[in-house]
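[1] the following comprises the amino acid sequence and a computationally predicted model.
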Amino acid sequence: MKLKIYFAGPISGKSGDDVFGYYEEIKKELAGFATILSPMTGKAELRFEKNYKPGGYSSPVATDHAIVERDLWMVRQADVVFVNLRGAAWVSIGTVSELAWAHLLGKHTVIAMEKGNIHEHAFVVEMADIRFSDYRSAIDYLWNLCIDWNGEEPVER
C-alpha cells in the first residue's frame, strides 16, 4: 500500500496557476510511490483564481465550512503531513491548523522552513517531527520514506 502524504502550505495571495502547478509537480515527482493529498484536491473549478483569499468563497466545494471539514478529513487519511512554509509572505492560519491537526492525530509531520521564517514559533517548531531548512532535502526525505515504506530498492530519479 502506498504512503498517503498530505501537502500543506500557504495558498492565500497566490494564483491558481502557481498553486495547482506546485501540486502537479509534486504528484509527478512522487508518482507511483505515494498517494498525494492537498488542499486543492477536488477543487479544479478554482484553478483560474488570480489571487486566492483566506475564505469567503461561495462555491459548494470552497465554502469556509467545506474547506475546514474536507482538509481535516484529508489530514486524518494521511500517513504523513508535509508542510512547506518556505518563503511565506504572511502567517498561514490554515496551514498551521493543518499541522496542529496532524500533530494531535499522531501523524508523522515534516516541515520545510528556513530560519527567520514568519512562522518561527514554538508551536510550529515543536509540532514538526522533522524540520528541513530547504525544500529539496524535505522532498528527498519523503521520496526515500516512500521507497522504504513500499519495500522497494532505491532507484535513480
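    That came in fine, so what should we check first?

[2] so where do the strands sit in the protein?
    For the chain, applying DSSP state E gives strands covering 3-8, 34-37, 80-84, 108-112, 130-132.

[3] confidence score at the nearest residue to Ala102 once chain neighbours are set aside?
    Nearest residue to Ala102, sequence neighbours excluded (Cβ to Cβ, 6 or more residues apart in numbering): Val81, at 3.7 Å. C-beta coordinates here come from the backbone N, C-alpha and C atoms, glycine included. In this model, Val81 is scored at 98, pLDDT.

[4] make JSON lines from the strands of the chain and add distance to Tyr22 and mean neighbour count to it.
    Output for these, formatted as JSON lines (distance: least, Cβ to Cβ, whole Å; neighbours: other Cβ atoms under 10 Å):
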{"stretch": "strand 3-8", "distance to Tyr22": "8", "mean neighbour count": "23"}
{"stretch": "strand 34-37", "distance to Tyr22": "11", "mean neighbour count": "21"}
{"stretch": "strand 80-84", "distance to Tyr22": "8", "mean neighbour count": "25"}
{"stretch": "strand 108-112", "distance to Tyr22": "12", "mean neighbour count": "23"}
{"stretch": "strand 130-132", "distance to Tyr22": "17", "mean neighbour count": "18"}
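
[5] all helices for the protein, in order.
    In chain order, the chain shows helices spanning 16-30, 64-77, 93-104, 122-127, 135-149, with DSSP state H as the criterion.

[6] tell me what the shortest one is packed against?
    Think helix 122-127. Applying 3 or more Cβ pairs under 8 Å, 6 or more residues apart in numbering; DSSP states H and E, one finds that helix 122-127 makes contact with helix 93-104.

[7] ok, the first one next?
    For helix 16-30, the contact count by 3+ Cβ pairs under 8 Å, 6+ apart identifies strand 3-8, strand 34-37, helix 135-149 as packing neighbours.
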